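A.B. asks: Structure for the following, please:
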Amino acid sequence: MPICAMCGNATINSLTHPVCKTAVGIDGVFCGVLYKGVIKKLVYKSKYNPYVFDLTKVMANLFVESLIQQESFTTILQNLRPVLVPIPLHVKKEKKRGYNQSALLAKHLSESLKLPVSSILLRTKETNPQFGLNKEQRKENMLGAFSVKQKPLFTEVILIDDILTTGATIKEAAKVLKKNGVEKVWGVCFSQDL
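C.D. replies: Numbering: from 1, shown residues only. This next block holds a predicted model:
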């Protein structure tokens, strides 16, 4: 079920409700599949020890198929040329894991959708895992977690992440991008945890 990332309530087209829009808020969030059953296991194995790197190819194929079936998403692709920006990991976490699963998903999406990728976002704060935190704790955990490497030269962005739960991560990333001149920011998450 599509939700408004700003308020968490249902939305028909995955876009932020007009009354929820803010100058630095995310413009909408598209999710591929529900985070349950085999999908939950797939995401877990791609993120946690024993780190099954190749699973992102399977995830990306499912991701693309689910996204191109969403009319609002395809409309954005037809009318604009957004840049894909993966949600970054903190350097310590990426070094431990050996890769960033969101960056791998972005790479596969880039190849399928013929969109450029930029790693303009930096994770400047070593955050705790979001797993097990409530909505307010997640928001607090992500506060001030991102910065930009340089002022973006593009105006439309699609943030790439693996799971949408409360939206704290993508909302914080969108806020940083918009404060640095990006006009439109959408989130695209492989799975949605209801």
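
A.B. asks: Run through the residues that contact I76.
C.D. replies: Neighbouring residues of I76 by Cβ atoms under 8 Å, 6 or more residues apart in numbering: P82, I158, W186. For the C-beta atoms, the positions are set from N, CA and C on the backbone; glycine is no exception.

A.B. asks: distance of the second one from K125?
C.D. replies: With the distance defined as Cβ to Cβ, to the nearest Å, I158 ends up 23 Å from K125.

A.B. asks: Report the next helix or strand after the host helix or strand of E94 in sequence order.
C.D. replies: For E94, the host element (DSSP states H and E) is helix 91-97. Of the helices and strands lying after helix 91-97 in sequence (DSSP H and E), the nearest is helix 101-113.

A.B. asks: Summarise which helices and strands that following helix is packed against.
C.D. replies: Helix 101-113 sits against helix 55-67, strand 83-86, strand 156-164, with contacts defined as 3 or more Cβ pairs under 8 Å, 6 or more residues apart in numbering; DSSP states H and E.

A.B. asks: Each with direction, which strands does the next helix or strand after it pair with?
C.D. replies: Helices and strands here follow DSSP H and E; after helix 101-113, the next one along the chain is strand 121-123. Partners of strand 121-123 in the sheet, by DSSP bridges, are strand 146-148 (antiparallel).

A.B. asks: So which bits of the partner strand are buried?
C.D. replies: F146, V148 (16 or more other Cβ atoms under 10 Å).

A.B. asks: What average pLDDT does stretch 20-31 get?
C.D. replies: For stretch 20-31, mean pLDDT rounds to 96.

A.B. asks: May I have the distance across it, first residue to last?
C.D. replies: 19 Å (Cα to Cα, to the nearest Å).
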